[in-house]
Every structure is written in structure tokens, then in C-alpha cells.
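Enquirer: A predicted structure for the sequence below; I have some questions about it.
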Amino acid sequence: MAGRLTGNIITAIKGFFMGAANVVPGVSGGTIALITGIYEEIIEALNSFMEPSTWKSLFHGKFKEFWKNIHGTFLLSLAIGVLLSIFTLAKLMEFVLANYPVQTWAFFFGLIIASSVIMFRDIKGWKTSDVLWALLGAALGLAVCTLSPTSTPDDAWFIFICGAIAICTMILPGISGSFILVIFSKYDYIMSAVAELNIPVLIVFGLGCVIGILAFSKFLHWLLGRAERQTMTVLLGFVLGSLVKVWPWSNPEAICASQGLPAGSVFEPHITGAVLWCIIGIALVAGIELAGKKLSDKQ
């Protein structure tokens, strides 16, 4: 019993780090799941929701069998960790973005650069076809960031779509769910909703997450089984092409507001601080990668 409880606590801690990765644009929750050795069980658990036999056991009153089929204890422990992380860090993200936008986005920029390097290194023996797939991803990322408007609607349908797409990237190695929210210009909005417990927005976003992850998990399982290399190279290109969205000085209005200046004023660029925080972001990802290797060696 004690061993089972310890295992559940460890799973919750892993969930906490997954949640933290998806609150901060740059580190993928899927990558954290891979590093901590729970990625396959997450995919298996999510796939079980799409199996008719799982729901058959529920409808026949076999609750223990249903709970076992969906890896219920594992998912519950993981969800507790993820939610605790998100609600803990949301206020911090809201504060630093409002008061230190240049340094914060520089930190995110460093995280994404370092994550991209790791993705590049993990794709062994690059071929011409890999380069073409990566260029396709980069063109797609650049197009999405360039064409996406600075402000997007706060309507329920759009929040639902954001939740459905963002949660899918949470289980996709290499790309962060919060980075998708940045691309859709909804990162600040959702972080504020979490920090302020805006229940209507959170319900709509949560429904999008549930529908999105259930619909996508089966497809992801199929995709990675048949075209893992192409998928990862396209994702790498997409992330690199989307870097324009997290350039520290891409939002002069926010920088002016943080410095108490009217929009359009000449602001302090904080170059030294930006470089420092970019390096910290790179070092953090390197530290996570090193810790993951040590954990894998022990296992």
C-alpha cells in the first residue's frame, strides 16, 4: 500500500513538471513525459478511452475493470500534478509578462532554441527528404505566425478551438501547448483566466482540451507508428519558423506599458537582461535533458 502511494505521488510530481512545461512556451509536456518515462502509458491510457470494450465494462457496471482499463489511478495522479502546476504558475506568468515582457520573452526564446537543438540532435542521419520536411514545417510555422492577427476573438468557439489544439501538443514531443496559445494570441488571456479563476472561460477551454486530446490521441498513436521521423522533422521546422512570435521586442506596446510609457514611445530594450534570461532558458533545458539522461540510466 505504501509503495503504491509513493508511486502515485511520484506520478503527480511528474505531472507537475508536465504542467509547468506547458505553462511556459518552449518546453513540451510530451518531452517531459518522455524524459520521465511515462509517455507510453499516457498514450495507452488515452487510447483506451476510444476502445468500445472500455465503455462496455462501464455500462455493465464493472467499474473496477473500467478504472483499470483507463489507467484511472495513473491519470488521476497525473492530472492532480498538472492542474496544481498550472494554477500555481499562472499568476507568476501573468505578473512577469506585464512587468518584465522583454526578459520573459527572451527566456521563452532561449527555451525554444535549446529544445530545437535537442530535437535536431535526436533525428539521426539527416537526409535530403528530412531537410525538405523541416523546411515545410518552417514555412508553415512562419505562415501561421505571420498571418495570425495580433488580437484574436474571445468568443467561446475560438477558446474551445484553442483548448483542443493546445492540449494535443501537450502529448506531442517537441512543441509546447502554451506556445500554440502564443501563436493564436491567447496566451495572456488564458493565463489571466486561470489566475483569476474565470470559470466560464476555463470550462469552455477545458471542454476543448477534453475533446481535443481524446480525438487526437488515436491519430497520434497511428502517426508516430507510421511516420515518426517525418512528424518530428516537420515539428522541428514549425517550431523554428514560429520563433518570430516570441522575439523579445515583437510587442512594443507591451514593453511601453511595462515601463509606464505611452504607446509609440522609445523604450528601454533591456538587451543585457534579455541575453541573460535567454541563456538561463537554454541552461534550464540543458539541465532537464541531463536529468532525464541520468534518470534513464538508473532505469
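Expert: Perfect, thanks for sending it. None of these values were measured; they are calculated from a predicted model.

Enquirer: Tell me where the model's unsure across the stretch 101-250 of the chain.
Expert: Applying pLDDT under 70 to the stretch 101-250 of the chain flags residues 147-150, 170-171, 173-174.

Enquirer: which residues in it form helices?
Expert: Along the stretch 101-250 of the chain, counting by DSSP state H, counting those that start in this stretch, helices occupy 101-122, 128-147, 156-170, 177-183, 187-195, 199-241.

Enquirer: for the second one, packing partners?
Expert: By that I understand helix 128-147. Packing partners of helix 128-147 (3 or more Cβ pairs under 8 Å, 6 or more residues apart in numbering; DSSP states H and E): helix 199-241. Where C-beta positions appear, they are placed from N, C-alpha and C, glycine not excepted.

Enquirer: Take the helices of the stretch 101-250 of the chain and write them to CSV, including mean neighbour count and distance to I70.
Expert: As requested, these are exported to CSV (neighbours: other Cβ atoms under 10 Å; distance: least, Cβ to Cβ, whole Å):
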stretch, mean neighbour count, distance to I70
helix 101-122, 22, 30
helix 128-147, 16, 33
helix 156-170, 21, 17
helix 177-183, 25, 22
helix 187-195, 20, 26
helix 199-241, 17, 11
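
Enquirer: I'd like the distance from the helix or strand hosting A45 to the chain centre, please.
Expert: Using DSSP states H and E, A45 sits in helix 39-48. Helix 39-48 sits 17 Å away from the centroid of its parent chain (Cα atoms, centre = their mean, to the nearest Å).

Enquirer: in it, what's buried?
Expert: For helix 39-48, a neighbour-count test (16 or more other Cβ atoms under 10 Å) marks Y39, I42, I43, A45, L46, N47, S48 as buried.

Enquirer: Likewise for stretch 60-75?
Expert: Residues of stretch 60-75 classed as buried by neighbour count (16+ other Cβ under 10 Å): F66, N69, I70, H71, F74, L75.

Enquirer: tell me the residue furthest from the middle of the protein?
Expert: In the chain, H60 marks the outermost C-alpha relative to the chain mean, sitting 36.7 Å out by Cα atoms, centre = their mean.

Enquirer: just to revisit the earlier point, now that we have the helices of the stretch 101-250 of the chain, can you turn them into CSV and tack on distance to V285?
Expert: Listed next are the helices of the stretch 101-250 of the chain as CSV, based on distance: least, Cβ to Cβ, whole Å:
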stretch, distance to V285
helix 101-122, 4
helix 128-147, 19
helix 156-170, 17
helix 177-183, 13
helix 187-195, 19
helix 199-241, 13
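
Enquirer: Any idea which of those gets closest to G15?
Expert: Proximity to G15 (Cβ to Cβ) singles out helix 156-170 among the helices of the stretch 101-250 of the chain, at 11.0 Å.
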